[in-house]
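J.: my questions concern the predicted model and sequence given below.
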Amino acid sequence: MRRREFIAGLGAAAWPLVARAQLPRVPIIGFLGTSSLKSMGGGNLLDFKRGLADTGYVEDRNVTIEYRFADDHYDRLPALLAELVRRRVDVIAAPGAPTALPAKAATSVIPTVFMIPSDPVALGLVTSLNRPGGNLTGVAYVNDEIAPKRLELLRELVPAAKSIGMLVNPANQPETSDQVKELQGAANTLGMRLMVVNASNALDLEEAFATFARERVDVLQLGLDPFFGNHIDQVVALATRSKIPMIYPWREFTAAGGLMNYGASIPDAFRQVGVYTGQILKGAKPADLPVQRPTRLLFVINLTAAKALGLTIPETLLARADEVIE
């Protein structure tokens with residue numbers, strides 16, 4: 001082989017290596033879920049990806065997503081976060097109240113986007129809503145602080161109600177304590193007895209509704225926790241079977257046959273987490289991204305569910321509903 005041909009051959013062989021070396025690095029998102037890929041894949045995860053796409057990022061095209069799921073075992077969250085930190089992801093998306101505090105404890109360097117139903121300033125996640133100040137920002141969808149309003153709606157529907165039951169997940173602290181405190185104050189104001197029952201798994205849910213029925217609780221309110229959102233059909237079925245009017249925080253429960261809900265849009269919140277994640281990948285700093293709050297709250301009534309419970313919805317409630325499901 002002539003020397004010139006040999007050198008040309010070496011250059012051609014080396015070109016793919018040079019080209020690969022010059023390709024831009026694909027950023028990595030660490031996505032931490034409280035449930036499982038199966039339960040989130042067709043719903044909230046898609047909402048997250050839509051928000052991400054709004055900023056120009058599409059999974060497996062120009063961004064990689066490393067998934068970690070706790071399967072409703074919140075004690076696994078610190079270890080899962082440690083894995084993402086070791087993986088050196090570029091940003092952590094941590095939607096769900098139980099993930100926020102462990103995420104803050106896991107890293108003060110990697111940008112993190114949270115999604116919680118309470119005040120992130122009170123929880124110590126950020127310095128202020130407008131100027132978070134650290135490596136965290138996200139969405140605070142205010143669902144727990146409107147628990148008193150949900151009780152008022154229940155009382156308007158069932159004026160004779162003297163007791164209210166609240167279903168909470170004790171594994172989600174301090175969120176659960178704050179929710180109980182809010183509702184206890186509202187119940188005291190209305191002269192109602194509050195009964196709090198815990199549930200952290202499917203069997204607990206069965207036992208919880210049996211307890212509410214046995215104690216003859218007049219109305220029910222669902223606490224805010226991702227675990228309940230992952231068991232919508234079971235919760236709604238148990239509430240229907242118990243014949244106790246129940247109000248939920250999210251429209252998804254009412255659409256699945258629940259009586260009514262009042263609260264922020266969870267799909268919108270997940271989408272905003274995706275938007276902020278993408279903006280951070282583009283160079284934005286969490287410290288400069290204001291914590292997002294919902295622009296409106298949804299009040300939805302399911303007339304079929306009301307009929308099954310033998311309830312007539314007052315015209316005053318129907319007039320205020322954003323949506324009525326027939």
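T.: Structure received.
J.: start to end distance for stretch 248-257?
T.: End-to-end distance for stretch 248-257: 11 Å, by CA to CA, to the nearest Å.
J.: list the buried residues for it?
T.: By neighbour count with 16 or more other CB atoms under 10 Å, stretch 248-257 contains the buried residues 248-254, 256-257. C-betas here are computed from N, CA, C, even on glycine.
J.: contact partners for residue 274?
T.: Residue 274 makes contact with 47-55, 93, according to CB atoms under 8 Å, 6 or more residues apart in numbering.
J.: tabulate these (a markdown table), appending distance to residue 34 and neighbour count.
T.: Shown next, in a markdown table, are the contacts of residue 274 (distance: CB to CB, whole Å; neighbours: other CB atoms under 10 Å):
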| residue | distance to residue 34 | neighbour count |
| --- | --- | --- |
| 47 | 15 | 21 |
| 48 | 13 | 28 |
| 49 | 18 | 20 |
| 50 | 20 | 14 |
| 51 | 18 | 24 |
| 52 | 19 | 26 |
| 53 | 23 | 17 |
| 54 | 24 | 14 |
| 55 | 24 | 17 |
| 93 | 12 | 29 |
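J.: ok, so of those residues, who is nearest residue 295?
T.: Residue 295 has its nearest neighbour among those in residue 51, at 15.5 Å by CB to CB.
J.: surely the closest one touches residue 277?
T.: Yes: Residue 51 is in contact with residue 277 according to CB atoms under 8 Å; the separation is 7.5 Å.
J.: for the residue at minimal distance from the centre of the chain, give me its contacts.
T.: Central residue of the chain (CA atoms, centre = their mean): residue 96, 4.0 Å from the mean position. Neighbouring residues of residue 96 by CB under 8 Å, 6+ apart: 32-34, 115-116, 226.
J.: quick check: phi and psi on it?
T.: Note on residue 96: backbone dihedrals following degrees, to the nearest 10 are phi 120, psi 130.
J.: can you read off the pLDDT for it?
T.: What the model reports as pLDDT for residue 96 is 86.
J.: for stretch 127-137, the distance to its chain's centre please.
T.: Taking CA atoms, centre = their mean, to the nearest Å, one finds the center of stretch 127-137 at 19 Å from the center of the full chain.
J.: CA atoms only: put that stretch into PDB for me.
T.: Taking C-alpha atoms only, stretch 127-137 is exported to PDB below (Å, rounded to 0.1, in the frame of the first residue of the first chain):
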ATOM      1  CA  THR A 127     -36.300  31.900  51.300                       C
ATOM      2  CA  SER A 128     -39.300  33.500  49.600                       C
ATOM      3  CA  LEU A 129     -41.800  32.700  46.900                       C
ATOM      4  CA  ASN A 130     -40.500  35.400  44.500                       C
ATOM      5  CA  ARG A 131     -36.800  34.800  45.200                       C
ATOM      6  CA  PRO A 132     -36.300  31.200  46.300                       C
ATOM      7  CA  GLY A 133     -32.600  31.900  46.900                       C
ATOM      8  CA  GLY A 134     -31.100  28.400  46.800                       C
ATOM      9  CA  ASN A 135     -31.000  25.400  44.500                       C
ATOM     10  CA  LEU A 136     -34.800  24.700  44.800                       C
ATOM     11  CA  THR A 137     -37.900  26.100  43.200                       C
END
